[in-house]
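A.B. asks: Test case, fold it:
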Amino acid sequence: QVQLVESGGGLGHAGGSLRLSCAASGRTLSILHMGWFRQAPGQGREFVCGINWRGGSTNYADSVKGRFTISRDNAKNTMYLQMNSLKFEDTAVYYCAAGLEWGNFNYWGQGTQVTVSS
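C.D. replies: The predicted structure is shown next:
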């Protein structure tokens with residue numbers, strides 16, 4: 001089992017920044033990759049970005065490329081999402097997820113709300 005706890009959500013301003021954290025516990029040595037997803041009201045959950053937990057390579061959805069940065073601190077078993085140049089359409093519940101095998105995310109956090117206002 002892997003437990004994931006997000007933090008750092010809240011109210012941000014358009015053009016501003018927010019930083020999310022995701023702390024992992026449990027079978028962290030088994031994690032291969034982690035990612036951030038988001039779900040806006042009335043919409044499905046969408047992939048935001050992901051990171052290879054061991055190698056550190058990253059990938060991003062086109063909608064956030066150049067604005068968001070995913071990173072991790074293996075010593076702290078924590079993943080981060082630095083969100084810059086926030087847009088209204090970034091408003092959503094953000095979830096972190098961990099995968100113990102490639103192509104699948106096995107564990108999910110409870111989500112943290114991000115609201116972007118003017």
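
A.B. asks: backbone phi and psi for the residue nearest to the spatial centre of the chain, please?
C.D. replies: Note on the chain: the residue nearest the mean C-alpha position is residue 36, at 2.7 Å, using C-alpha atoms, centre = their mean. Per-residue torsions, residue 36: phi -120, psi 140 (degrees, to the nearest 10).

A.B. asks: For it, give its distance to residue 118.
C.D. replies: Counting by C-beta to C-beta, to the nearest Å, the gap from residue 36 to residue 118 is 24 Å. (Each C-beta comes from the backbone N, C-alpha and C, glycine too.)

A.B. asks: Over to residue 74?
C.D. replies: Counting by C-beta to C-beta - residue 74 and residue 118 are separated by 38 Å.

A.B. asks: who has more neighbours, these two?
C.D. replies: Set side by side, residue 74 and residue 118 show more neighbours around residue 74, with 13 against 6, by other C-beta atoms under 10 Å.

A.B. asks: Who are the contact partners of the residue nearest to that one when sequence neighbours are not counted?
C.D. replies: Leaving out its chain neighbours, the residue that sits closest to residue 74 by C-beta to C-beta, 6 or more residues apart in numbering is residue 53, at 7.2 Å. For residue 53, the contact set (C-beta atoms under 8 Å, 6 or more residues apart in numbering) comprises 31-34, 72, 74, 98.

A.B. asks: PyMOL command for the buried members of those?
C.D. replies: Selecting only the buried entries of these in PyMOL, with 16 or more other C-beta atoms under 10 Å as the criterion:
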select buried, resi 31+32+33+34+72+98
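
A.B. asks: tell me the contacts of the residue in the chain sticking out farthest from the centre?
C.D. replies: Distance from the C-alpha centroid of the chain, by C-alpha atoms, centre = their mean, peaks at residue 118 (22.9 Å). By C-beta under 8 Å, 6+ apart, the residues touching residue 118 are 13-14, 88.
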